[in-house]
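*Asks:* Everything below, folded, please.
(2 chains)
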Protein chains: 2
Amino acid sequence: MATDTDLARDLAALVGPGHVRTDPGALTAYGRDATPLFHALPQAVVLPGSTEEVAAVLRYATEHRVPVVPRGAGSNLCAATVPLTGGIVLVLTRLNKILEVSPEELLARVQTGVSTAALADAAAARGLLYAPDPGSRTVSTVGGNVATCAGGLRGLKYGVTRNYVLGLEAVLPTGEIIRTGGRLWKDVAGYDLTRLLTGSEGTLAVITEATVALLPAPEESGTGVAYFDSLADASRAVADVISAGIVPATLEFLDRKCIAAVEEFAGLGLRQDAGALLLFGDDGAPPTVAGNLARIQEVCADAGALETTLAEDVARADALLAARRCSLPALSRLGSLTILEDATVPRHRQAEMVDRIDEIAARHDLLIATFGHAGDGNLHPTCVLDPEDTEGADRAHRAFAEIFAAAIAMDGTITGEHGVGAAKLPYLADKIGADQMALLRRVKTAFDPAGILNPGKLGS
Amino acid sequence: MATDTDLARDLAALVGPGHVRTDPGALTAYGRDATPLFHALPQAVVLPGSTEEVAAVLRYATEHRVPVVPRGAGSNLCAATVPLTGGIVLVLTRLNKILEVSPEELLARVQTGVSTAALADAAAARGLLYAPDPGSRTVSTVGGNVATCAGGLRGLKYGVTRNYVLGLEAVLPTGEIIRTGGRLWKDVAGYDLTRLLTGSEGTLAVITEATVALLPAPEESGTGVAYFDSLADASRAVADVISAGIVPATLEFLDRKCIAAVEEFAGLGLRQDAGALLLFGDDGAPPTVAGNLARIQEVCADAGALETTLAEDVARADALLAARRCSLPALSRLGSLTILEDATVPRHRQAEMVDRIDEIAARHDLLIATFGHAGDGNLHPTCVLDPEDTEGADRAHRAFAEIFAAAIAMDGTITGEHGVGAAKLPYLADKIGADQMALLRRVKTAFDPAGILNPGKLGS
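*Replies:* Presented below is the predicted three-dimensional model:
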């Protein structure tokens, strides 16, 4: 490996001296992402300004065997962008152009450093919807969303990022620039590298441009809230909604601990005596939306809801959605170290899974609150700790290992939408088995023979 | 490679003597698929009865370096299941169990030898929709649909097979059984092998079981037809429908030559004086369907439609859909050799592409009629020939090479939904480039180190 000085000089020749940082502040800042307890120092932070510069850096890195960790906004929660073995953090935020938005073709083409919210806003300005809406959307980049196959609050009806990626430009670790897929929904020319790269967490190639499908913006949307005595009741209501033939845009829940934290944080007037809050929403043609919301209210009432209310206006609907989105910051106030996970189980086993989480938390003497995407069975158990409490952090890791094992035993998974990264790599073999782990490594090698791209993560 | 006698004896020991065929009739029949002009003789046809038997055959084949061509119904149109280098045709039609249909989880789990229509019927019996509906659905298998990422008539609104595959059981060429994905929409544990196997055309692994997503069956559906002077007018109407914010379930077209052939074949009372027929349909909540169909009629009228009519009842709607589905058999009556292709272009370039096809056909003195999925830009130019006319077949190949080049030049692709197989492998590098071709080969090797699985196809 090159010395730090040689490396900085060589990289400056490739991307310009103003776009290579080796100062301690930068190395520390880019040595972390949004995952607590993971950090490491890179040798250099590089901000390329074009796909060709990305290719030059990767060719150099393969030649000199320097690890490269691609990074967008660094908002991921599984340590997928922590430079565990040093080397280069390759920051893509200068690739921030929205290249086109086409109402005619219902697609957009963007560089991957564009924020998800900026893409969504550009689509909305043309009367279109970019459907994936991860919780981090205001900061996260399209590249990060694609690299992790991000989910979000509209996943039940609209699916996840993979369902909207039509084509990618990507740079292989050896420096070749490839274009996968294209502008078409239907294109089966070759293996589906577009979807293989989606969710590959920066371990196979660096994605520099994405063509994504858009939808006509729905005419109307509506939101409501139902309170239940218990999450078991709320889960039954969710199952009944689906069984009634309704697949609404949004079905989110907060448990009792989250309701309390959010109310304390945001003062929205949420009921404190309920065991669970279910937020439901739909969009589409006005009569369909009104009909579906009314039907969901009925189903919730039949399932024993304490109360159901529709948001009377957009402001109230936004406030309710904000309540769901602010669960993490609200919980963070209870202790400055929060470990947010995303074990996922089939929808009808959700209540059972939350009971298991509560039992595991109590046994390990931990505060774990749970919120999540009830329609998808995608749970976000969140452990709140004092950062000085290293013994508590150890207990938390033991508790989450039990939670992942429980999810797998219920036909679920260790991660629904956050990714594997370094944080969940130790649990991956439990989910997919040794033969598939070996296959992932062979696929990794097919893309990255020198093993320079994001070492210690998926494919390692 | 083993002698034919040794091979048959060894395979009989693995799957039972009643499930190995080496008689000339079987070898001839399984030496072809639905693609004209491609055929080759295998050494043996094997019909395994379980995933474990599939694994045993593949382990044997890797050990003895015997080519294996997996096959469902053999309805594919790109010679993806022709045993070009002999060996074993592995027929999966005995794996024909529907293992579960879950309205609660909105999914089905089937062995891959189940026909697509049987899966759809089982879903419908529980009030659910299996959305992908390729033209071959009454005969094609779920495994074949997954292996080719089959599209169909509902692709515009509902997407293609890949959008519905949640999890797979597959056997690697070296005999390991893996399970990818699972029962969840949201699952990002590992590389997305589920989608990588979808569309891999039997070159990476043999898919033995699929878990697929279902939707609540739409309450109502409706169908209508519009006639236009020209396909250019029809294409403008399609673009205007999308721009009006409507993404209907179905938007299909027939050109003048197809209208004539279908009318001659089926006698549906189609207008013979029109240059193009546009079939449109939608489904969903009754007011939305009625509103969308009325709006499509208006848009078509504004775009210069000669006439627009809604099907007055289900029987008429079925007849119109049958008209579209019978395009291929209707054209086949004009000459017993039909070469059906599926060049695809962005929707707004469809009229230009059809003009190019007509020009190319005229220059090569060929009858090429075109029908297809107007909403997706997915065209099916179909060349009708006398099978004795070998010089005509040569002209047809030259014409299709030009058609593929034109599609690529218009940001389109050489295959929208049929696949690459052996028939389109010569054109693949023009679409994806040499670097990506090399990458596909490395991915292929990661799965199939001995190169036994479907040689001469994708990844070769």
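
*Asks:* you'd agree residue A:338 is in a helix?
*Replies:* No - in this structure, residue A:338 is strand, not part of a helix, as judged by DSSP: H, G, I helix; E, B strand; the rest coil.

*Asks:* Can you name the residues bridging to it?
*Replies:* residue A:384 (DSSP bridges).

*Asks:* Kindly provide the distance from it to chain B.
*Replies:* Distance of residue A:338 to chain B, given as CB to the nearest CB, to the nearest Å: 21 Å. In short, each C-beta sits where N, CA and C put it, glycine included.

*Asks:* same check, this time on residue A:61
*Replies:* Where chain B is concerned, residue A:61 sits at a distance of 18 Å (CB to the nearest CB).

*Asks:* ok, that residue - contacts?
*Replies:* A:67-68, A:87-88, A:173, A:452 (CB atoms under 8 Å, 6 or more residues apart in numbering or on different chains).

*Asks:* who's in contact with the nearest residue to residue A:387 once chain neighbours are set aside?
*Replies:* Nearest residue to residue A:387, sequence neighbours excluded (CB to CB, 6 or more residues apart in numbering or on different chains): residue A:337, at 4.1 Å. Each residue near residue A:337 by CB under 8 Å, 6+ apart is listed here: A:36-37, A:384-387, A:389, A:393.

*Asks:* any weak-confidence spans in chain A?
*Replies:* Where chain A drops to pLDDT under 70, the residues are A:1-2.

*Asks:* care to break it down by domain?
*Replies:* A:4-91, A:98-216, A:220-325, A:329-409 (automatic domain parsing).

*Asks:* and which of the contacts of residue A:61 is nearest to residue B:274?
*Replies:* Nearest to residue B:274 among those: residue A:173, at 54.5 Å, using CB to CB.

*Asks:* can I assume the closest one is in contact with residue A:448?
*Replies:* Yes - using CB atoms under 8 Å, residue A:173 makes contact with residue A:448 at a distance of 4.2 Å.

*Asks:* Could you say which of the domains of chain A is packed most deeply?
*Replies:* Ranked by mean neighbour count, the domains of chain A are led by domain A:98-216 with a mean of 23 (mean count of other CB atoms under 10 Å in any protein chain shown).

*Asks:* does any part of it sit near chain B?
*Replies:* Yes - interface with chain B: domain A:98-216 contributes A:103-106, A:127, A:148-149, A:151, A:155-156, A:159-160, A:162-163, A:172, A:176-180, A:182-193, A:195-196, A:198-200, A:204, A:215-216 (CB under 8 Å from any CB of the partner chain).

*Asks:* Now do the same for residue A:308: helix, strand or coil?
*Replies:* Classified using three-state DSSP, residue A:308 is strand.

*Asks:* for it, which residues make a bridge with it?
*Replies:* residue A:226.

*Asks:* so who does it touch?
*Replies:* Neighbours of residue A:308 in contact, by CB under 8 Å, 6+ apart: A:224-227, A:297, A:300-301.

*Asks:* Could you do residue A:356 as well?
*Replies:* A:403, A:406.

*Asks:* so it is in which element?
*Replies:* helix A:350-363 (DSSP states H and E).

*Asks:* partner strands of the following helix or strand past that helix, parallel or antiparallel?
*Replies:* Next helix or strand after helix A:350-363 toward the C-terminus (DSSP H and E): strand A:367-373. If you go by DSSP bridges, strand A:367-373 pairs up with strand A:250-255 (antiparallel), strand A:378-385 (antiparallel).

*Asks:* Can you lay out those as CSV showing distance to residue A:305?
*Replies:* Listed next are the strands paired with strand A:367-373 as CSV, based on distance: least, CB to CB, whole Å:
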stretch, distance to residue A:305
strand A:250-255, 12
strand A:378-385, 21
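
*Asks:* thinking again about what came up before, which of the contacts of residue A:308 sit farthest apart?
*Replies:* Checking those with CB to CB, the most distant pair is A:225 and A:301, at 13.0 Å.

*Asks:* Between the contacts of residue A:61, which sits nearest chain B?
*Replies:* The shortest approach to chain B among those belongs to residue A:173, at 11.2 Å (CB to the nearest CB).

*Asks:* which SS state does the closest one fall under?
*Replies:* coil.

*Asks:* That one and residue A:453: what is the separation?
*Replies:* The gap separating residue A:173 from residue A:453 is 5 Å, by CB to CB, to the nearest Å.

*Asks:* Mind listing the shared neighbours of the two?
*Replies:* Shared contacts of residue A:173 and residue A:453 (CB under 8 Å, 6+ apart): A:58, A:68, A:205, A:447.

*Asks:* Looking at these, which is nearest residue A:5?
*Replies:* residue A:68 (18.5 Å).

*Asks:* I'd assumed residue A:86 was in contact with the closest one.
*Replies:* No - with contact defined as CB under 8 Å, residue A:68 does not reach residue A:86; the gap is 10.6 Å.

*Asks:* before we move on, the earlier item: narrow the shared contacts of residue A:173 and residue A:453 to those in strands?
*Replies:* residue A:68 (DSSP state E).

*Asks:* which among the shared contacts of residue A:173 and residue A:453 gets closest to chain B?
*Replies:* Out of those, the member with the shortest distance to chain B (by CB to the nearest CB) is residue A:447, at 7.1 Å.

*Asks:* Could you verify my assumption that the closest one touches residue A:173?
*Replies:* Yes - using CB under 8 Å, residue A:447 and residue A:173 qualify as a contacting pair, with a distance of 6.6 Å.

*Asks:* Now for these two: what residues contact both?
*Replies:* With CB under 8 Å, 6+ apart, residue A:447 and residue A:173 have common neighbours A:205, A:453.

*Asks:* Up against chain B, what does the stretch 301-450 of chain A have?
*Replies:* Residues of the stretch 301-450 of chain A that fall close to chain B, judged by CB under 8 Å from any CB: A:344-348, A:373, A:376-378, A:411-420, A:424, A:428, A:431-433, A:435-436, A:439-440, A:442-443, A:445-447.

*Asks:* just to revisit the earlier point, so what angle separates the directions of the helix holding residue A:356 and strand A:378-385?
*Replies:* Here helix A:350-363 runs at an angle of 10 degrees relative to strand A:378-385 (axes from the mean of the first three to the mean of the last three CA atoms, to 10 degrees).

*Asks:* can you pull out the strands in the stretch 201-350 of chain A?
*Replies:* Using DSSP state E, counting those that start in this stretch, the strands of the stretch 201-350 of chain A run over residues A:206-213, A:215-216, A:220-228, A:250-255, A:276-284, A:307-310, A:337-340.

*Asks:* what ranges do the helices span in the stretch 51-200 of chain A?
*Replies:* A:51-64, A:116-124, A:142-148, A:155-158, A:193-197 (DSSP state H, counting those that start in this stretch).

*Asks:* Sort out for me which of the residues of domain A:98-216 next to chain B are in strands.
*Replies:* Using DSSP E, the subset of the residues of domain A:98-216 next to chain B located in strands is A:177-180, A:215-216.

*Asks:* related to what we said a few turns ago, so which of the strands of the stretch 201-350 of chain A gets nearest residue B:247?
*Replies:* strand A:215-216 (6.4 Å).

*Asks:* Partner strands of the closest one, with direction?
*Replies:* strand A:128-129 (antiparallel).

*Asks:* Now residue A:170. Nearest residue, chain neighbours left out?
*Replies:* residue A:205 is the one closest to residue A:170 (CB to CB, 6+ apart), at 4.0 Å.

*Asks:* err, residue A:260, not the other one
*Replies:* Distances taken as CB to CB, 6+ apart place residue A:272 nearest to residue A:260, at 6.4 Å, with adjacent residues excluded.

*Asks:* That neighbour: what's it in contact with?
*Replies:* A:259-260, A:263.

*Asks:* quick check, nearest of those residues to chain B?
*Replies:* When these are compared for distance to chain B (CB to the nearest CB), residue A:259 wins out at 23.4 Å.
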